Structure formats: C-alpha cells, structure tokens
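Student: after the sequence you'll find the predicted model.
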Protein chains: 2
Amino acid sequence: MEEAGITANQLIIQTYNKKGDFTLGSTGFIVIAIVTSLLSFALAAWLYGWVKEQPSSNEQIHRVSGYIRQGAATFLNKEYLVLAKFCGVCAVLIFIFLPSPIWKGHILLNFQMALAYIFGALISAAAGKIGIAVATIANAKTAEAAQKGIRLSFLCGFRGGAVMGMAVVGASLLGVALVFWLTGDTTTLLGFSFGASSLALFAKAGGGIFTKTADISADLVGKVELGIPEDDPRNPAVIADNVGDNVGDVAGMGADLFDSNVASMAAALVMGAALDQTMGGTKNVSMVFCYAALGLLASIIGVATARMGKNDNPTFALNSSTYVTTAIFAVLTAIATAVFHLEWRIWGASFVGLLVGVIIGIASDYFTDDAKKPVQLTAKASESGPAFTVLSGVSYGFISTLPALIGIAFSALISYKLCAPLGGDYAMFGISMAAVGMLSIVGMIISNDAYGPIVDNARGLAEMGDLGDDVIDITDSLDSAGNTVKAVTKGFAIGAAGLTVIALLGAFISEVNEAAVAKGLVAAGEKYLTGFDVMDPIVFFGMIIGSAIPAVFSAMLMLGVNRNAQRMVSEIHRQFREIPGLKEGKKDVIPEYDRCIELATTGSLHELIPAGLMTIIATLLVGFIGGVRAIGGFLTGNIISGLLLANFMSNAGGLWDNSKKYVESGHNGGKGSDAHKAAVIGDTVGDPFKDTAGPSINTQITVVSLIASLMASLFLTLSLL
Amino acid sequence: MEEAGITANQLIIQTYNKKGDFTLGSTGFIVIAIVTSLLSFALAAWLYGWVKEQPSSNEQIHRVSGYIRQGAATFLNKEYLVLAKFCGVCAVLIFIFLPSPIWKGHILLNFQMALAYIFGALISAAAGKIGIAVATIANAKTAEAAQKGIRLSFLCGFRGGAVMGMAVVGASLLGVALVFWLTGDTTTLLGFSFGASSLALFAKAGGGIFTKTADISADLVGKVELGIPEDDPRNPAVIADNVGDNVGDVAGMGADLFDSNVASMAAALVMGAALDQTMGGTKNVSMVFCYAALGLLASIIGVATARMGKNDNPTFALNSSTYVTTAIFAVLTAIATAVFHLEWRIWGASFVGLLVGVIIGIASDYFTDDAKKPVQLTAKASESGPAFTVLSGVSYGFISTLPALIGIAFSALISYKLCAPLGGDYAMFGISMAAVGMLSIVGMIISNDAYGPIVDNARGLAEMGDLGDDVIDITDSLDSAGNTVKAVTKGFAIGAAGLTVIALLGAFISEVNEAAVAKGLVAAGEKYLTGFDVMDPIVFFGMIIGSAIPAVFSAMLMLGVNRNAQRMVSEIHRQFREIPGLKEGKKDVIPEYDRCIELATTGSLHELIPAGLMTIIATLLVGFIGGVRAIGGFLTGNIISGLLLANFMSNAGGLWDNSKKYVESGHNGGKGSDAHKAAVIGDTVGDPFKDTAGPSINTQITVVSLIASLMASLFLTLSLL
C-alpha cells in the first residue's frame, strides 16, 4: 500500500512529454478538473440566485411550500443523524482494519483511509442538502411562474434541478481530484468512494421508503377510497407526499448518481494508475481527469444554454439539451485527445459508452412511453381486472431487460476489444472509460432528473394555491415531460452502474494482485489472480449466492414500504374520522400534516438500516468463508441479477405509472372506470418497484463491489476455505 | 465422435474386476437398470388395474369425468400434432448438421443422432399420454371412493398419480440405458436427452398456458364477478379448468421431470464415460446406472408401500413416503457401494444432493405454508388492498430464493470438494452425481405431484356429482395436502435442475474438448477449454445476454396466458348472456363446455411455439456470434437468472394461492371480504407464475444447455468472433 502510495505520488510529480509536444502532467489535469468543478459551483450559485430572485406572492403557496421545505429538512436531519452514527461506526472499523489491520500496518494510512471515507460520506450528504434546499424553493417559484407562461416556468424547474446537477457533479469531481492529489493512493480513493456509496445506499433506501410510503397511502385513501383529486389539501398525507418527492427523488437520486460517478472515476483511476505504474508516465490517470473534466464542462454548457424552444415542448427541450451535451462531450474529448496525444482507442471506448447509454435510454423509453404498445396493452389488459394489469406489467418489465442488457453486453465487449490492442490491462481500462463516458454527462442527467420532483411539487402547489386550470395545465405538461425523460435518465443510470461495476471487478483484481505482492504470495510483477473461472466451484458458489442478494435486498425495502404504508393508511383514516369537517372540506379545517410526515420519517428510519446491513454482512461472510475467488463470483452473480432486477423493476414501475395516466387521459374507460381502478393498483405496485427497490439496487451493487476491493487484502489471507 | 463411440463400446464389453472381488461390468449394470425399469412398468400396470377396478356408479360423475377425459385427449392430440411437425423439422436439421455437417462427417452417425432425438421425444410424449389416461380415470374413482372414507380415496388418488411416476421414471431409465447400450456414444445420448427436453419445453409451455387460461378465467368470472363457488357446473369454463389440471400438471410436469431426469443421467454419463476413457475400466458409467436403478427401486418400494396411517393425515402420508424412499435410496446405494467397491466419495456426493433436495423442499415449504409467517402476513397485507397483496408476495418470493440458492451453492461446492481428491475431472462428475442423487427419488416425487391434480379434479367431481358435504370435505383435505407437498416437490425439481445444468456445463466443456481434438485444434489428451473466465469479455458478453433469456421467456408465456384468458373471459360472458337460464342454474341447462376447451386449446397451441423458439434462436445467435466461450457465459447467465426466477415465481405463486385459501378459511375477514378479493387477485397473478412460467424455466435452462453441448463442435469452428 505504502509503496503504491509513494509511487503514485512520484508519478504525479512527473509530467508526460516524450515527443516534446504540448502536453500536461497529471497534476495539470487534476488542476483543470478542480477548476472545472469550481466553475460548476459558480454556475450552481448563479442558478440558485436566479431561482431565488423569481417573484412569489401567493400566500397559500408560500405557506404550503414552507411545510414541504420544513418536512424535508426535518426528515433529512433525522436521517443524517442515524447515518452519522452508522458512518461513525464504519469509520472506526475502517480505521482499525483497512487497508490492513492497524497492528500490522501503518496507523497513518488507516487514519487517511478513515478520513477519506468520512469525507466521501460528508460531501454526498452536503450535495443532498443543497439539492433539497433549492428544490423546495424552486417548486413554489415554478408554480407561480406558470402564471406568466410555460417557458419561464420550465426554466424555473430546470434551473432549480440544475443546481443539484452542478453541485453533485462538481463535488464528486472535486472530491476525487483532491483525494487523489493529496494521497496519490488509489486504495484511499476507493475508501472515499465507499463513503459516498454507503451514504447513498441508506439515503436512497430511506428516501425511497419515505416517498413511497407517503405516495401510496395518499393515493390509496385519497384517490381510490374517497375519490378526491391528487394533491387535494384535505388529504393529510399530501404534504408528506410532496416532501417524499424531494427526499426520495432529489436527495436520494442525487446521492445515487454521486456515488456512481465517483465509483466510475475511482475504478478508472485504480486501473489507470496500475497501468501508469507498469508503463511509466501518467498518461492514463491524466486521461481520466481530462475526460471527467470535459464531461462536466459539456454539462455546464448544456445547462447554461438549455431553454424551451418556440414549440413550447418541455420534453423536447429536456431531451435536446441532453443530446447537445452528448455531442459537446464527444467533440471536446476528441479535440483533447488530438491536442494532448491521448489514445484514440480509449476515446472510442468512452464514446461507445456514451452512445450505448443513449440507446439504453431510448429502449427503456419504448417500454414506458404511452404512445407505444407496452403501455397501451397494459392499459387494455386493465379492462379485465388488476391481475392482468400486474401480469402485463411484470411481463413487459421482464422483456424490457433484454435491450438494456444487450446494450451493456455490447458496450463492454466493444470497448474491451477496442482497447485490447493497446496491451493486456488496457482492455479493462477501456471498459472503465466506457463507464466514465456514459457518466460524463451526468450533470445534465441529474438536472433533468431533479427537474421531475420540482415540477411535480409545482403541480401540487398550483392546485393547493388555487392558481386556476390554465396554470395547472401548464404544470401538468411540465410534469408529464419530467416522467418521460425520467425513463431515459434511469436507463443511463443503470447502464452506467453496470459498466462501473464491471470495471470495479477489474479494480478488485488489481487490489488482490497488489495485496498478494505485498504479502509475498507472488513475486512483484506477477499476478495472483487473472480472472474468475465459472467452473471453479468456489467461484460458482459465490456467484449463486451473490445472485440472490439483490432480490432479497429489494424485497426487504418493499416490505418496509408495505409495513410503513399500512401504518400511514390507518393514520389517514383516523384523521378523516376524528377531525370534524375534514372530509367535507370545510374552510380553515387543516389536517395534521405533520403527523403523517413524522410517521413516514420514523418508519423509514426504522426500515432503512436492515437491508443495507444484510448486503454488507453477506459480502463479508462470503469473503471470509470463500476468500477472494468466492468474492469474485459473488460480485459477478450480484451484477448479473442486480442489472436484471434493476431494469425490470424500474421499467415495470414506469410502465404502470404511465398506463394509469394513459387511462386517466380518457382511454379504456377513463377515470373512474374499472380499468382505471385496476391501473391504479398497478401503479401502486410499481411505486416501490421504480422509486424504492429498482434504483437502490444500483447502489447496492456498487457498495458490494467497493467493499470487495477494500477488503481484498483481508479476504486474501483470512478466509476459511 | 466416431472414435469416442468405438472406445465407449469397447469399454462396455470390458468388465471391471481388478482385485478379483465380486463385481459387474457396465453391461451388467445396464441390464440391472433395464430390469428395474421393466419392474416399474409392471408396478404401473398393476396400479392402473387396481385403480380401474375401483367401483364407479354415479352417472353425473361418469359423464363429467368423460368430458374431462375427452377434453384432455383432444388437447393432447392436437398439441402432439403441432409438436410432431416441430420435432420433425428439428430431426431433419439434426440429421443434416449433427454431430457434424453431413457433408463432412458420417451419414450413419447423423442418422443415429436424429433417431435418438425422435426416440427421446416419443418416449416423453408416450409417458404424458399414459399419465393423462390414468389421471382422468383416477379422478372419478377418487371422488367416489371418498364416500367410503378418506383412506381408500387417498389410495385412489395416490396410485393414480403413481402410474405416471412409475411410467415416467421407468421410461427415462429404459431410454437412457438402451441408447447408451446400443450406440455407446454419449453425444447420441445428448441427442436423446434433447428430444425429451424439446418436447418437454413445448408441452410444459402449452399445457401451462392451457391450464392457467382456464383456471384464471373460470375464477374471474365465476368467483369474483358472479360469486358462484369454484367448480360450479354452471360455469362454462369449469370443465376446461379440470382438463387444464391434467394437461398442465400431469402431462406437463411429467414431461418436465422426465426431461430433468434424462438430462441428469446424460450429463453424468458424458462425464463418467470421459473419465472411464482416461482411467480405463467402466467404473464410473457403471456407477451412474447402478445409482439410477437403485433410485427407481427405492421409489418402487416407496410407492408400493405408501398408504395413509391411522392419523388420517394425507400430508403426513405423502411426506413420510418421500422420506422413506430417501432413506431406502441412501441405504441401498451404500450397500451397492460396499459390495461393488464403488467410490465412497461419490456416494457422499449423491447423498449430499439428496439431502439438499430435502432441505430446499422444506425451505420452499416455509414460504408457502399457511401455518407460517409469509402466507399469514400476505393475507394480512390483503386487508389494505390488492397492491399490498402483490407487493408482499413479490417480496417473500424474492426472499425465498435465498435458501434454495444457498442450498444449490453448498451442494455443488461440497460434492465438488468431496470428489476432487479422486482427481481433476472427478470433481465435476461429483456434481453430476449429486444431481442424480437429488433426482433419484423422482419416481416418488412425480407420484406425489400427479396426485395433486387428480384429487383437485376429484373435489370438483364430488361437487358436480352432488356427493354431499362430507365427501367434499374429504376431497378438500386431500386437495389441500396436494398443494402442500407440491411446494416440496417443486423445490426438488428446481434444485435438481440447478445441479443438472451445472453438470451440463461440465458436459459442454467435455464436448468442446472432444471436438477440438477431433478438429486438430489441440493434441489428443490436451484441453482446449478448462473453464470460463468471467473477466474474458466474450464470456461476460454471453453471460449478460444469457441472464435476460429466462426473463423474456417467462414474460412471453405470461403474456400468452394473459391474451388467452382475456379471450376466454369474453366467451364466458357471452355464454352467460346468451344461454337462457344458465346464470339462474335452471335444471338441464348445460353451458357449452366444449367451446371453452376449444378456445383454450387453440389459444395455447398458438402461444406455445414463440417463447421456446426465441430461446433456441438466441442460443444459436450467441453461439455463432461469440463461439464456445460466449456460450459458456450464456449458459452461466442463463442458469443464474433462471434459478433465481424459477424459485421466485414458483414460491410467490404458491404463497398467493395459500394465502387466498387462508383468508377463505375465515382469517382476515374471510370469504367475501375486501381482503378476500385482494387475495384472489394475488392468486390470479400467481397462477401463471407458479404453473406456467416458473416451472417452464427449468426446462428452458436444460434445453439451452443441451443445445450448447450438441452444437459444441459447430460453435467451435463457425463463430464470427
């Protein structure tokens, strides 16, 4: 470890200038990365100011938006308190055991690792806080701006989301650059990444349980039982529902993509540094920072120039800014590759990653778009009853995994094959750069994604503030655009997570080999492991067990939502029963919103630890029983079933949501029909699929992969078999 | 190929008698296997006679049972006609291309392969026909016997099912023994196994779609809409429902286990023969036949002695005869191992397989038993509405995969480790013998499984024949025992399929290596492939795509059920609308049962080909694009996601079924409550999960594995990459 640290530090001081051409050392690229991230903070600050300056005058909206802001802040504070304790325990364990047990290694390295872990968790939490703070202001501004027309309203929603996008990506790049610059040690970087991931795992789970608890119970009692509209202020859970959009979709999703982004850079840097060490120079490390910085720059340009065109079509505006960012990234990296004499093959790999990300996004769009067959046939099936709605959704959800998995399979294969001619380890580095490429435009992706809950909230506020039908129509169309682009962004997130964990599998092997040399198991320069053979029974053993983990993990989250929502439904019933005049909508009768928020908070804090802990413990058990080969299999099984289930659940959930909306827009009997009731049941099943379990699986896979890499040295020496 | 054939033939003529102890050559063991299978036919014939001799006097039952018998026969004949065409095309393709293209190899070998394929398909079809023939007689006898008490009634149901059990296992052992004896070529044996599998794939799919089409639509219109009891003769779909139980559960399940049993023996023989060839002697081949024969013998004893004890508890009777058979098998094989000087380590492996099979069965029982938490909590969740029923069931279904997968992982690991000291290839042979061990008592398993639909039918007949409440109560308790033991037998079937396909992965490598030597790619005695490295991008590519296949396959089947049931629901509605007096239950007004049967038949014949074909084409595509390494990955991905989904779907379906019954027995509001309605929806979702898609996945994995082995030589030379 120490040797590696020193070597990497030396590398950074070197510059790469063989031919005397214009070039920069990795320090130069790190500085560029840091400057770019500061630029993104500047843009975030400007956008925040812009959003804040937008006028707001409606008293009712102001009040309700205050409730939401306060509810979100309360939940987040409580959640972070729980997580602080959890991370504290983890930090102590890391300090004692990692990178090597404190009584065997160097106390300073362990201290550095624990610090990096805490730093990762802190930055991730801070990005979540900032995102929530802006989103809960932007929602009211967006609602009121809708009175002046769709374009301004769109801009409010988009720019509010973009603050989150810029903050998250800036923070992840800044964090990675600083940790690498200061320590020069890629293992410490994995510790930083693990800090971000472990926070994301619980933030996503906690937020996901909160949001669906509130959403499901609000819908069940409000829409299904009483037949009152969504976002009706009489519904005691309506504020909790809006709070949930923020803590689940804004903070949770931000933590998720923060984590994926850091993990993809960390994986690429682990392999890049290993390559640099073998080959001399700092070319590969430089390339990672260069591409990551250009990705952020492309997102900055994309965000700054995004606005709605003359066609007043918000979906078009969001998608076209995504594609523009993609194109900018491709051009910028091509220029950089030419100017700095980087490898064109690796440029190709990252471009393939980006391209496949777009393709996966389009494919998931097909399965969730209400202009396409799957959604319409599911709506049609709803006419025969809810069982058919569920069966249709499950079936199309299963089928939807095929294009995404084919996309991941081909992008991994092509980027590997493209880079293989550069030499053995370049091939895996190529896969990690494909992941970096796919995530390059993550700033734009997060902006689009955070736009969703803001305009969703705005729609609710417009209704609660009595802004009139025209305004509600505008916010409705903004909201529906949010749902549509969500499919594309989720496809990106899952695809990127897939490539990242493949790269992390490579990083794991690097770590094992490094540890094996350090422990004298093999001579320096030799490899202890080159891969994992499926026919090796230990690998197979790990693989079979690893494949069950994402299923059990998502089941535990869904059962959490289930239990929590049942409690909440009883609370809503109680309020309607006990608060006189509430059901009838008497003026000045206000439900006890805070009781519902409190219930959702307590419940989700109670449910958020077990699932994540199970994952971590399972990994440790398999590692200490079967050793590094069992863990290699475990990761493989985990990746395979994780990608399958994440795609399935996200897409099925989106499909049910949109087929409910399709029926509501007047098809198959329209609102109030039996088909509608069936479609609402489908939507309810889909809620925790798409917003709790599905997206959390991404983080779960990443966490397991990072633990494996971090514990590589311990698993190597301390396993039973 | 030819060399291998000749060598294997020579081996068979040799006998193994190193120490001069009493021993038999493999021919001797093959003869024993054939004799045992004839013994099982004799028992089947006797049981058939016994069942047929039971009195039947009730005119109404006689008439209805006649409808069912005729409906089942009609469906089966039409299905076999479609499959005959399909198998004919396959046989021609096999003749042209396998084991090597006809213009390159030996026409006689190709002819032998095509014949073996047809033979496999024919035997499988014949076993299905026999099973149906008996089951559709035994149902009426069981109903009438219930008038004389539960013990006789139980015996009718069990012995009716046992005819199927004895016929299937006898036929599979006889077929394998004959093919191996006559050709001595293990590749031809794979062709025979593929014949059985390809028939099973479509029979399972067709029967599964038929049965759930009828079941779901009968329930939806009858129970949910009109509130008339299950099996009410007014319901036009009621006969189709009973026909479905037979064609789906008896014929389909029989074909499935026939296929698993043949495949496990084939895999063990491929590896055993390869070992024998290297080591000299015929010890390993002999061992496979010895154990398979003893397994059948144990089942024969178990079946012949099974009867209900004084406690009148049918579940206890079924389970205890399973455990008795298990014990007999363990003792018999131990004796044989001692007498014939076989390897104790391999005995250990097969014993581990059997033991784990029992454990998996007990674990799946936990998730589907209404005395345990999962079923009860799902019933409780139903009080909050159908979405919660579905979410609960999906969650517990996901969790239920963990013990089964851990069981498979440990049994593979332990049997490998047990046999590894015998030498390299013995380890994989150990896994295949664990599968043989797990399937050794398959005769008993099938008997128990076929008992289910017989007593289910009997319950319906007792209702339709007005035999009175006492008789209905007896058949009810027999029926519920059938559902309970089903969980255990399904656990066995999935576990065994898991081990078999792992063994088939080993068989695939053997086939590739043999082909590589034949094509001069490596020298004789050397290995072209020893395993599949996950880090090899081609393997990874195949693995990711392979993991999507079981999901897409089950989706296609479920969509088939969905479409078909929707058509059937309209037909039932039409009959109730157009036939005067039907709804009111006027005497002598009979619905048009045959229209429903015809609709289910046409629909399922229409839906049964695409899903199976997709699987086969995907395998060929991946093989011809990526070659043998991609196929190795493809099989691995297929196994992992297949085991996961098969377990999930079977257990979730069983759980929903039993939580509906739990509510119906008076819990959580009982019949007619909202919780009951929700539970019925859960059951409807679970129907195609557990009876169409879930169990078909087993066959799907086996088919893919067999194609891979059969095409090994072609994939080796004709791939793109």
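Tutor: Sure thing, it's come through.
Student: can we go C-alpha only for contacts and neighbour counts from here?
Tutor: OK.
Student: quick one: stretch A:200-210 to chain centroid distance?
Tutor: 11 Å (Cα atoms, centre = their mean, to the nearest Å).
Student: okay, that stretch in PDB with CA atoms only?
Tutor: In PDB, the C-alpha atoms belonging to stretch A:200-210 read as follows (Å, rounded to 0.1, in the frame of the first residue of the first chain):
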ATOM      1  CA  ALA A 200     -26.000   6.700  -0.900                       C
ATOM      2  CA  LEU A 201     -27.200   3.200  -0.100                       C
ATOM      3  CA  PHE A 202     -29.000   4.300   3.000                       C
ATOM      4  CA  ALA A 203     -30.100   7.700   1.700                       C
ATOM      5  CA  LYS A 204     -31.600   6.000  -1.300                       C
ATOM      6  CA  ALA A 205     -33.300   3.300   0.800                       C
ATOM      7  CA  GLY A 206     -34.500   5.800   3.500                       C
ATOM      8  CA  GLY A 207     -35.700   8.400   1.000                       C
ATOM      9  CA  GLY A 208     -37.200   5.700  -1.200                       C
ATOM     10  CA  ILE A 209     -39.200   4.200   1.600                       C
ATOM     11  CA  PHE A 210     -40.400   7.600   2.800                       C
END
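Student: phi and psi next, for the nearest residue to residue A:61 once chain neighbours are set aside.
Tutor: Spatially, and ignoring its direct neighbours in sequence, residue A:61 is nearest to residue A:465 (5.2 Å; Cα to Cα, 6 or more residues apart in numbering or on different chains). The phi/psi pair for residue A:465 (degrees, to the nearest 10) reads phi -90, psi 10.
Student: please apply the same query to residue A:370.
Tutor: The phi/psi pair for residue A:370 (degrees, to the nearest 10) is phi -80, psi 0.
Student: now residue A:533. Its backbone dihedrals?
Tutor: Torsion angles, degrees, to the nearest 10, at residue A:533: phi -90, psi 120.
Student: let me see the contact set for the residue lying closest to it once chain neighbours are set aside.
Tutor: Using Cα to Cα, 6+ apart and skipping the chain neighbours, the partner closest in space to residue A:533 is residue B:533 (4.3 Å). By Cα atoms under 8 Å, 6 or more residues apart in numbering or on different chains, the contact set of residue B:533 is A:531-534, B:539.
Student: ok, residue B:533 to residue B:541 distance?
Tutor: Residue B:533 sits 11 Å away from residue B:541, going by Cα to Cα, to the nearest Å.
Student: same question for residue A:100.
Tutor: 35 Å.
Student: which of these two has more neighbours?
Tutor: More crowded of residue A:100 and residue B:541, by other Cα atoms under 10 Å in any protein chain shown: residue B:541, with 30 against 22.
Student: residue B:631 is in contact with the more buried one, correct?
Tutor: No: using Cα atoms under 8 Å as the test, residue B:541 is too far from residue B:631 to be in contact (9.4 Å).
Student: quick one, what contacts the residue of the stretch 251-400 of chain A found nearest chain B?
Tutor: The stretch 251-400 of chain A approaches chain B most closely through residue A:395 (4.1 Å), counting by Cα to the nearest Cα. Residues near residue A:395 by Cα under 8 Å, 6+ apart: B:552, B:554-556, B:558-559.
Student: what residues does residue A:265 make contact with?
Tutor: So residue A:265 contacts A:176, A:288, A:292, A:436 (Cα under 8 Å, 6+ apart).
Student: pretty sure the first one contacts residue A:267?
Tutor: It stands for residue A:176. No: Residue A:176 is not in contact with residue A:267 according to Cα under 8 Å; the separation is 11.2 Å.
Student: which residues of chain A score low on pLDDT?
Tutor: A:1-25 (pLDDT under 70).
Student: what's the single longest helix in it?
Tutor: helix A:593-664 (DSSP state H).
Student: that one near chain B at all?
Tutor: Yes: residues of helix A:593-664 contacting chain B under Cα under 8 Å from any Cα of the partner chain: A:636-637, A:640-641, A:644.
Student: residue A:370: which of those is nearest?
Tutor: Using Cα to Cα, residue A:644 comes nearest to residue A:370 of the residues of helix A:593-664 next to chain B, at 23.0 Å.
Student: my guess is the closest one contacts residue B:550. True?
Tutor: No: the pair residue A:644 / residue B:550 is not scored as a contact, 10.6 Å apart, by Cα under 8 Å.
Student: pretty sure residue A:388 contacts residue A:381?
Tutor: Yes: if you go by Cα under 8 Å, residue A:388 and residue A:381 touch, sitting 5.5 Å apart.
Student: now do the shared contacts for those two.
Tutor: Common contact partners of residue A:388 and residue A:381 (Cα under 8 Å, 6+ apart): residue B:562.
Student: who's more crowded, these two?
Tutor: residue A:388 (29 against 25).
Student: OK, contacts around that one?
Tutor: A:378, A:381-382, B:562, B:685.
Student: 7 Å instead, please
Tutor: Neighbouring residues of residue A:388 by Cα atoms under 7 Å, 6 or more residues apart in numbering or on different chains: A:381-382, B:562.
Student: got it, and residue A:614?
Tutor: Contacts of residue A:614 by Cα under 7 Å, 6+ apart: none found.
Student: how about 8 Å then?
Tutor: Residue A:614 touches residue A:553, counting by Cα under 8 Å, 6+ apart.
Student: ok, so of the contacts of residue A:388, who is nearest residue A:60?
Tutor: residue A:382 (38.0 Å).
Student: ramachandran coordinates for that closest one?
Tutor: phi -60, psi -20.
Student: thought it was touching residue A:681?
Tutor: No: with contact defined as Cα under 8 Å, residue A:382 does not reach residue A:681; the gap is 9.6 Å.
Student: hmm, back to that, please list which of the contacts of residue A:395 also come close to chain A.
Tutor: Among the contacts of residue A:395, chain A is touched by B:552, B:554-556, B:558-559 when using Cα under 8 Å from any Cα.
Student: can you pull out the helices in the stretch 401-550 of chain A?
Tutor: Listed in chain order, the helices of the stretch 401-550 of chain A (DSSP state H, counting those that start in this stretch) span A:426-439, A:442-464, A:469-518, A:537-578.
Student: circling back: need the overlap of contacts for residue B:541 and residue B:631.
Tutor: Joint contacts of residue B:541 and residue B:631 (Cα under 8 Å, 6+ apart) do not exist.
Student: what residues are up against residue A:259?
Tutor: Applying Cα under 8 Å, 6+ apart, the residues contacting residue A:259 are A:124, A:193, A:196-197, A:200, A:699.
Student: the same query, at a cut-off of 10 Å, please.
Tutor: A:120-121, A:124, A:168, A:172, A:193-201, A:253, A:265, A:497, A:698-699, A:702-703 (Cα atoms under 10 Å, 6 or more residues apart in numbering or on different chains).
Student: now do residue A:491
Tutor: So residue A:491 contacts A:356-365, A:404, A:485, A:497, A:646-647, A:650-651 (Cα under 10 Å, 6+ apart).
Student: setting the sequence-adjacent residues aside, check what's closest to the residue nearest the centre of chain A.
Tutor: In chain A, the C-alpha closest to the average C-alpha coordinate belongs to residue A:256, at a distance of 2.8 Å (Cα atoms, centre = their mean). Leaving aside its sequence neighbours, residue A:256 sits nearest to residue A:200 (Cα to Cα, 6+ apart; 5.4 Å).
Student: run the chain-centre distance for the helix or strand where the one you found lies.
Tutor: Following DSSP states H and E, one finds residue A:200 within helix A:186-218. Distance, stretch centre to chain centre, for helix A:186-218: 9 Å (Cα atoms, centre = their mean).
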